[in-house]
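[1] my questions are about this predicted structure, shown below with the sequence.
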Amino acid sequence: MKARHIDHVNLRIPEGGADAAREFYGEALGFGIEDALYAAGEKPFFDVRLSATAVIHLWPTAEFERPARTNYDHVAVVVEESVEEIEAELADAGVEVEKRLDFPLGATGEAGAVYVRDPFGYRVELKARV
């Protein structure tokens, strides 16, 4: 098998967490939210659209357990902006930056990254494009 890219990641969120997720991922980070089927009761999860080929499924559930480790449960998203632009957009949105690294190594190589925490305790790494 020859993998091309990750299609989706599935994250559990607490029951009643959909509005907080929409606010953080949709409004603060500016990603698309696709929740029509979820709202209609046809799907038990909704999507954060990262790109034409990648989504994060957010699954509200009673079985949600907040991540216990600081760096274990996280999602890394490569974005077009520079680290400085990422930090400026986050500041404008009122999102606290947890940390910044100049050259963390990821699947696409070394590039600057900014780390934030979503309302449910997951770390989101916003990585500049290599």
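    Received the coordinates, thanks. Numbering: from 1, shown residues only.

[2] got the contact list for Leu11?
    56-59, 75, 120, 122 (Cβ atoms under 8 Å, 6 or more residues apart in numbering). For every residue, glycine as well, the C-beta is placed using N, CA and C.

[3] ranking by neighbours, what's the top pick from those?
    Leu58 (26 neighbours; other Cβ atoms under 10 Å).

[4] might you report the residue contacts of it?
    Per Cβ under 8 Å, 6+ apart, neighbours of Leu58: 11, 13, 17-18, 21, 25, 45-48.

[5] in its sheet, what does the helix or strand where it lies sit against?
    Leu58 is part of strand 54-61, with elements assigned from DSSP states H and E. Sheet pairing for strand 54-61, assigned by DSSP bridges, gives strand 8-14 (parallel), strand 46-51 (antiparallel).

[6] helices and strands of this protein: which one bottoms out on pLDDT?
    strand 105-106 (a mean of 86; mean pLDDT, DSSP states H and E).

[7] how about the secondary structure of Ala21?
    Here Ala21 is recorded as helix under DSSP: H, G, I helix; E, B strand; the rest coil.

[8] pretty sure Asp118 is one of the things it touches, is it not?
    Yes: using Cβ atoms under 8 Å, Ala21 is in contact with Asp118, at 7.5 Å.

[9] what sits against Asp73?
    67, 121-123.

[10] show the model's pLDDT score for the nearest residue to Glu34 once chain neighbours are set aside.
    If the residues on either side of it in the chain are set aside, Glu34 comes closest to Asp47, at 4.2 Å by Cβ to Cβ, 6 or more residues apart in numbering. The score at Asp47 is 97. That number is its pLDDT.
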